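A.B. asks: here is a sequence together with a model predicted from it:
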Amino acid sequence: MTKHTSAILGLALSMIITLIATANEAQSPNQQDWTEPFPAFRIAGNLYYVGSKGLASYLIATPEGHILINSNLEVNVPMIRTSVESLGFKFSDIKILLISHAHYDHCAGSATIKQLTGAKYMVMDGDVDVVESGGKTDFQYASDPTTLYSPAKVDRVLHDGDEVKLGNATLKAHLTPGHTKGCTTWTMKVNDGSKLRDVVIIGSPNVNPGYKLVGSTVYPRITEDYEKTFRVLHSLPVDYFLGAHGSYFDLEKKYPRLKAGNSSALIDPAGYKAYVDEREQAFRRELKKQKTF
């Protein structure tokens, strides 16, 4: 090998290492905030935020026990427990566990939470096989070992429009598929002291990198399902805009206002509409792009 060839190979190797490092740096902020603690706080009425900075979890407290939405990563479980207990509630009083969808960042901790609390796990029908397989039947990520998690047995299979009731709390499950086949948007009403208000917790309207919207053999109805999702999201009445990730509803920007005494900081119907509109436009751009090529 000549010195010239060695120099070229060395330069190429250096460029590859730089590209990999740059890619990792670009990805890391999203995943770093998944495990970064965030203060637990009351949203309104009996609804509380108990998630991390990047992964949202919600506690609905009732005299007969509590409902938890999203178990998040397995390493997040102690953090969720600390958040629940910091609000004055017992973690062991969680009676029902729900999720937004069957991706590991929202449900990997479910088996552990079931074991610790004895909670009944309730999942939308399109995601049941995924959570019970630990992600091994996911249409996109089944072959990616980094997205797999501990399987958890589902105690109640939910369907579009089903209600989950505990004590004085009632949540409604809206099937908003595409992101996963059973992706669920949750709605409920809370009394914030001034009136009864509508809460929407969006599952996810996002088209992830690698999703095949045209000619998919593993998820033939994916485009039609996304279309359904946006119809549903546009139809929902909303005061409090929440979601499976804090970034959906600008948690980091709104929380300081809430802490400063603005109890209506998370009431944002205009922000909800803008978010759904923008996500639908992103979906349509990707669909058009895939139809072109």
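C.D. replies: Cool, the structure landed.
A.B. asks: do you have the strands of the stretch 101-250 of the chain handy? List them.
C.D. replies: Along the stretch 101-250 of the chain, counting by DSSP state E, counting those that start in this stretch, strands occupy 120-124, 156-158, 163-166, 169-175, 184-191, 196-202, 240-243.
A.B. asks: the fourth one versus strand 120-124: what angle between them?
C.D. replies: Inter-element angle recorded for strand 169-175 and strand 120-124: 30 degrees (by axes from the mean of the first three to the mean of the last three Cα atoms, to 10 degrees).
A.B. asks: which helices and strands sit right next to strand 169-175?
C.D. replies: strand 58-62, strand 163-166, strand 184-191, helix 222-235 (3 or more Cβ pairs under 8 Å, 6 or more residues apart in numbering; DSSP states H and E). The C-beta positions use only the backbone N, C-alpha and C, and glycine is treated the same way.
A.B. asks: tell me where the model's unsure across the stretch 1-150 of the chain.
C.D. replies: 1-30 (pLDDT under 70).
A.B. asks: returning to that earlier point: okay, the helices and strands packed on strand 169-175 in CSV with mean neighbour count next?
C.D. replies: Below are these laid out as CSV (neighbours: other Cβ atoms under 10 Å):
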stretch, mean neighbour count
strand 58-62, 23
strand 163-166, 15
strand 184-191, 22
helix 222-235, 18
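A.B. asks: can you put those in CSV and add distance to residue 154?
C.D. replies: Listed next are these as CSV, based on distance: least, Cβ to Cβ, whole Å:
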stretch, distance to residue 154
strand 58-62, 19
strand 163-166, 13
strand 184-191, 13
helix 222-235, 20
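A.B. asks: between those, which one is nearest to residue 52?
C.D. replies: Proximity to residue 52 (Cβ to Cβ) singles out strand 58-62 among these, at 12.5 Å.
A.B. asks: quick one: strands adjacent to that closest one?
C.D. replies: strand 47-49 (antiparallel), strand 65-69 (antiparallel) (DSSP bridges).
A.B. asks: which non-adjacent residue is nearest the residue most central in space within the chain?
C.D. replies: Closest residue to the average C-alpha location of the chain: residue 244 at 3.0 Å, with Cα atoms, centre = their mean. The shortest distance from residue 244 to any non-neighbouring residue, by Cβ to Cβ, 6 or more residues apart in numbering, is to residue 100 (3.9 Å).
A.B. asks: and for residue 49?
C.D. replies: Residue 49's closest residue in space is residue 41 (Cβ to Cβ, 6+ apart), at 5.4 Å.
A.B. asks: burial count for the one you found?
C.D. replies: Residue 41 has 15 neighbours, counted by other Cβ atoms under 10 Å.
A.B. asks: tell me who's in contact with it.
C.D. replies: Residues in contact with residue 41 (Cβ atoms under 8 Å, 6 or more residues apart in numbering) are 48, 49, 255, 258, 259.
A.B. asks: so how far is residue 58 from it?
C.D. replies: For residue 41, the distance to residue 58 (Cβ to Cβ, to the nearest Å) stands at 11 Å.
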